[in-house]
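1. I would like the atomic coordinates for the input below:
(one chain, ligands or ions: 1)
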Amino acid sequence: MHHSLPLDPTSAAAIADAGLRYALVDPGDEAGGVAWVRADVRGFHADDVDHKDAVDNLRAFTDRRMTGVYDDTAASPEIPVATVSSWVTSLTTPGTPEQTQTMDAWAISSVTVSPTHRRRGIARALLEGELRTAVAGGLPLAALTVSEATIYRRFGFACAVLVADWSIDTRRAKWTGPAARGRVQFVERAALRAQADDIERRARRSIPGEVDRWGRRWDEFFGLTPDTEKESKGLRAVRYDDENGEPQGFALFKLKEHESDFSAHTVVVTEFVAVTDDAYAGLWRFLLELDLVTEVRASLRSVDEPLRWMVADARAVRKTAESDHLWLRVLDVPATLTSRRYAAPGSIAFDVRDALGFAAGRFVLSTDASGAAACTASDAPADAEVSLDIAELGALFLGGISAATLRAAGRLTATPDAAAAIDRLFLSPTPPRLGIWF
Ligand SMILES: CC(=O)SCCNC(=O)CCNC(=O)[C@H](O)C(C)(C)COP(=O)(O)OP(=O)(O)OC[C@H]1O[C@@H](n2cnc3c(N)ncnc32)[C@H](O)[C@@H]1OP(=O)(O)O
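-> Alright, predicted model coming up:
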């Protein structure tokens, strides 16, 4: 669907005014795709890619719109001076395991502007163009992960999902969590890769904030692409099978040898997926009890890992970093707010400002005891009233950011009772999480 959406005419005009050309990369145009990939990797200061690797990279973009800005007067005019890619992703929203919901969102990635063309409004034209294209495609929400936390608020985005890095001192920890009933076993990376989609899709269903993966990214994680193969010889893969032999989780990890003490390796967990509580316990216990290891590290994990409560010495499990990860931009307030379940019945009136004019207005959200919601543009009274910018509505949406906190920070206007009322409805029983960059 999104491949056929036309280029945004307003952004095309703005870019033409700057003497540049805004164009979609034709998915059938390999040379154009390779040039676009080279601009994308250069924009993020990554190594250049040769033709073969660039063609392999393009596999990640088969479902995406790739847009470039071209300077026909440049020394290499085929290489765009700015890039952006976008596609429709399925985002998990809060509910209970029985009521899990997903919604379609416009994922935006690969935002780069060449240092030779920066700070002339090109990124603004690209971003605003993406938001208008999302609206034209009927998408109520846009989503991205960001290189810097300073860029996207001006476009109405805010952080909705925080993630954490964890470090576990395995000599201190001592497993006291439940004994898993299944077993953990080593599997070949390529064999596990074939099962990863299915296992991860089942795991993702109960994690608000998670989005679709795509094939080539899995190949990268498993060290199965030409550019990751060499450095992935040390990557180990284990799978958790339940007592009926059904795969319910897996982990990928690397071991780093200590420079002077062979009994003090560090394990770096690069992927950890658990469908069931049993799989979670079984896999973590396996990692924490590896011999010749003193530390296990994992990143892009929940800010509230149950693991902390599964060891004898809770101080052995340290959160070493916590940061913004998934950013959301609401484009259609009723369609977005009715795409999740809520924790309690009630009604909230949101008075929304939107400098870009997509979603401003007064909206009343009403939730019932089943967790279902209705939302309309309305002047009707509600249990609680709040006034906020569209960015803060995005922050609240997945139930990972507290309205009471935003109120205390001056990011929304409401009484303490109204903020508490929002939190009663919105906060997710499990904090949202997103285990991937996109
Ligand atoms: C979803 C993603 O892909 S995240 C990745 C973002 N890309 C990167 O980090 C790659 C390296 N950086 C770049 O390629 C560029 O510097 C970009 C894309 C961040 C900005 O591109 P530019 O074309 O220079 O931005 P543009 O001139 O359109 O600026 C738009 C606005 O953002 C502001 N802005 C631009 N870059 C930054 C920044 N790094 N930090 C804070 N503000 C910024 C500008 O001041 C301007 O503000 P205003 O319009 O409100 O006055």
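
2. list the contacts of residue 417.
-> By CB atoms under 8 Å, 6 or more residues apart in numbering, the contact set of residue 417 is residue 384. Heads up, the C-betas are built off the backbone N, CA and C, glycines and all.

3. so which bits of the helix or strand harbouring it are buried?
-> For residue 417, the host element (DSSP states H and E) is helix 416-426. For helix 416-426, burial by neighbour count (16 or more other CB atoms under 10 Å) applies to 418-419, 421-426.

4. what's the answer for stretch 145-165, then?
-> Going by neighbour count (16+ other CB under 10 Å), the buried part of stretch 145-165 is 145-146, 152-153, 155-164.

5. and the residues you listed, which of them are in helices?
-> Among the buried residues of stretch 145-165, the subset assigned to helices under DSSP state H is empty.

6. for the ligand, what are the nearby residues on the stretch 1-150 of the chain?
-> 43-44, 108-113, 118-124, 144, 146-148, 150 (CB under 6 Å from any ligand atom).

7. filter those residues down to the ones in strands?
-> Residues of these located in strands (DSSP state E): 108-113, 144.

8. okay, domains of this structure per the record?
-> 2-139, 164-323, 333-426 (automatic domain parsing).

9. turn those into CSV, columns for distance to residue 436 and mean pLDDT.
-> CSV is the format used below for the domains of the chain (distance: least, CB to CB, whole Å; pLDDT from 0 to 100):
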stretch, distance to residue 436, mean pLDDT
domain 2-139, 10, 95
domain 164-323, 7, 97
domain 333-426, 15, 98
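
10. out of those, which is closest to residue 432?
-> Across the domains of the chain, residue 432 has its closest neighbour in domain 164-323 (3.2 Å, CB to CB).

11. straight-line length of that closest one, end to end?
-> 6 Å (CA to CA, to the nearest Å).

12. hang on, the earlier thing: looking at the buried residues of helix 416-426, spot the one nearest the ligand.
-> Proximity of these to the ligand (CB to the nearest ligand atom) peaks at residue 426, which lies at 24.9 Å.

13. measure the residue lying closest to residue 425 once chain neighbours are set aside to the ligand for me?
-> In space, and not counting its chain neighbours, residue 425 is closest to residue 342: 4.5 Å by CB to CB, 6 or more residues apart in numbering. With distances taken as CB to the nearest ligand atom, to the nearest Å, residue 342 is found 29 Å from the ligand.

14. please renumber the chain so that the first residue is 30 from this point on.
-> Sure thing, new numbering starts at 30, so read that last one as residue 371.

15. check whether residue 371 sits in a helix, strand or coil.
-> Following DSSP: H, G, I helix; E, B strand; the rest coil, we place residue 371 in the coil state.

16. what about it, distance to residue 129?
-> 14 Å (CB to CB, to the nearest Å).

17. just the buried residues of the residues of the stretch 30-179 of the chain next to the ligand.
-> Taking 16+ other CB under 10 Å as the criterion, what is buried in these is 72, 137-142, 151-152, 173, 175.

18. from the residues you listed, which single one is nearest residue 375?
-> residue 173 (30.5 Å).

19. dump the residue contacts of that closest one.
-> 136-138, 140, 181, 186, 355-356, 467.

20. and the two most separated of those?
-> The most widely separated members of the contacts of residue 173, counting by CB to CB, are 140 and 355 (15.2 Å).

21. quick one: buried residues of stretch 283-302?
-> 283, 293-302.

22. distance to the ligand and secondary structure added to those, as JSON lines?
-> Output for those, formatted as JSON lines (distance: CB to the nearest ligand atom, whole Å; DSSP: H, G, I helix; E, B strand; the rest coil):
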{"residue": "283", "distance to the ligand": "26", "secondary structure": "strand"}
{"residue": "293", "distance to the ligand": "36", "secondary structure": "coil"}
{"residue": "294", "distance to the ligand": "34", "secondary structure": "strand"}
{"residue": "295", "distance to the ligand": "29", "secondary structure": "strand"}
{"residue": "296", "distance to the ligand": "30", "secondary structure": "strand"}
{"residue": "297", "distance to the ligand": "24", "secondary structure": "strand"}
{"residue": "298", "distance to the ligand": "25", "secondary structure": "strand"}
{"residue": "299", "distance to the ligand": "22", "secondary structure": "strand"}
{"residue": "300", "distance to the ligand": "22", "secondary structure": "strand"}
{"residue": "301", "distance to the ligand": "24", "secondary structure": "strand"}
{"residue": "302", "distance to the ligand": "24", "secondary structure": "strand"}
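
23. show me which pair in these is furthest apart.
-> 293 and 302, at 27.3 Å, using CB to CB across the buried residues of stretch 283-302.

24. for stretch 426-435, buried residues please.
-> Result for stretch 426-435 [16+ other CB under 10 Å]: buried residues 426-433, 435.

25. just the ones of the residues you listed in helices?
-> Per DSSP H, the buried residues of stretch 426-435 map to helices at 426, 432-433, 435.

26. possible to save these as a markdown table with distance to the ligand?
-> Converted to a markdown table, these look like this (distance: CB to the nearest ligand atom, whole Å):
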| residue | distance to the ligand |
| --- | --- |
| 426 | 18 |
| 432 | 26 |
| 433 | 28 |
| 435 | 21 |
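
27. now, the most widely separated pair of those residues?
-> Greatest spacing in these, by CB to CB: 426 and 433 (16.0 Å).

28. isn't residue 217 up against residue 267?
-> No - taking contacts as CB atoms under 8 Å, residue 217 lies outside contact range of residue 267: 11.1 Å.

29. give me the more crowded residue out of those two.
-> More crowded of residue 217 and residue 267, by other CB atoms under 10 Å: residue 267, with 18 against 10.

30. next, that one: secondary structure please.
-> Reduced to three states with three-state DSSP, the structure at residue 267 is strand.

31. parallel or antiparallel, which strands does the strand or helix carrying residue 417 pair with?
-> If you go by DSSP H and E, residue 417 is part of strand 413-418. If you go by DSSP bridges, strand 413-418 pairs up with strand 375-382 (parallel), strand 441-442 (antiparallel).

32. which helix or strand contains the residue lying farthest from the centre of the chain?
-> For the chain, the largest distance from the centre (CA atoms, centre = their mean) belongs to residue 289, which lies 37.9 Å off. Using DSSP H and E, residue 289 sits within no helix or strand.
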